[in-house]
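Peer 1: All I have is the shape, not the residue letters:
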């Protein structure tokens, strides 16, 4: 990846990167990949500024163990130089390797219960002086493979395509215009950007928060609309980020005959909708027809990364 600063990241799995990006109709094939091998250590020598791995924690839904385990998973699966930052209102219990910072400033209208809009504060023009590449990760997901692949193309912004995490919704076609819009929405569980270079998102929201929340059901719809308007809406190749319930658990009654399995090429398991991670680890599928069998691989990746 080459940013404005001239930073270049190595392509540690060049052939795999090219295959995944070329197979996706929604992303451009990566260019400018560089790999530098240290013959003495047989590993990758890095000539880059540290990547900012970002997450957010507020309230009481997620404890510090979610932050610490996510950070440990990143440490295991990212060989590029990086620092792990948690924006939070309570840093109690965070490991030493986690850098705690205050929650980014963003005004929510009084009485607003959907606090996920707070994430738009990540697009403030000044994010506590941070610069360079940022990869945002929601807390309720598990790292299961190398993250280097998330830093090996030149797009200014990448995000999960929300529809890639879910099964087809044919009834949505009743309203073609809405269907087209929802098909373009990015899921903000995992996105990469250049910090400070997409401030139009936070600025447009802050100009009239009530109007933004009236026009869009959730923050990632608003965020995606602003990105698309500026030509910055690019998606990760399918298969890098997978849904636990839709990609790992066999569909319907098949789940009674086979255990959840990790798809090939998956790097991050996302818990979009129900069941949540804690439910899955304790065998709760949230639906009578969704059996959660042996998930030792998931538990090992989360608790013992």
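Peer 2: It's in. These numbers come from a predicted model, not from an experiment.
Peer 1: in terms of contact, does residue 132 touch residue 194 like I think?
Peer 2: Yes: when contacts are counted by Cβ atoms under 8 Å, residue 132 is listed as touching residue 194 (7.1 Å). Just so you know, the C-beta spots here come from the backbone N, C-alpha and C atoms, and that holds for glycine as well.
Peer 1: tell me the average confidence for stretch 248-264?
Peer 2: The predicted model gives stretch 248-264 an average pLDDT of 95.
Peer 1: what does stretch 172-181 give?
Peer 2: 86.
Peer 1: Name the surrounding residues that touch the helix or strand encompassing residue 69.
Peer 2: Residue 69 belongs to helix 64-77 when assigned by DSSP states H and E. Contacts with helix 64-77, where a contact means Cβ atoms under 8 Å, 6 or more residues apart in numbering, come from 53, 55, 57, 82, 84, 86, 88, 92-95, 97-98, 137, 139-147, 267, 301-303, 305.
Peer 1: In strands only, show me the residues you listed.
Peer 2: Those of those mapping onto strands are 53, 55, 57, 82, 84, 86, 88, 98, 137, 141-143, per DSSP state E.
Peer 1: Dump those to TSV, plus neighbour count, distance to residue 275 and pLDDT.
Peer 2: Converted to TSV, these look like this (neighbours: other Cβ atoms under 10 Å; distance: Cβ to Cβ, whole Å; pLDDT from 0 to 100):
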residue	neighbour count	distance to residue 275	pLDDT
53	24	26	98
55	22	21	98
57	22	21	97
82	20	30	97
84	23	26	98
86	24	24	98
88	21	25	97
98	21	26	97
137	23	19	98
141	23	13	95
142	25	13	97
143	23	19	98
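Peer 1: which one of those sits closest to residue 294?
Peer 2: For the ones in strands among the contacts of helix 64-77, the closest approach to residue 294 (Cβ to Cβ) belongs to residue 142, at 15.6 Å.
Peer 1: contacting residues for that closest one?
Peer 2: Contacts of residue 142 by Cβ under 8 Å, 6+ apart are 73, 268-269, 277, 298, 301-302.
Peer 1: who wins for most neighbours among the residues you listed?
Peer 2: Comparing the contacts of residue 142 on neighbour count, residue 269 comes out first with 26 neighbours (neighbours: other Cβ atoms under 10 Å).
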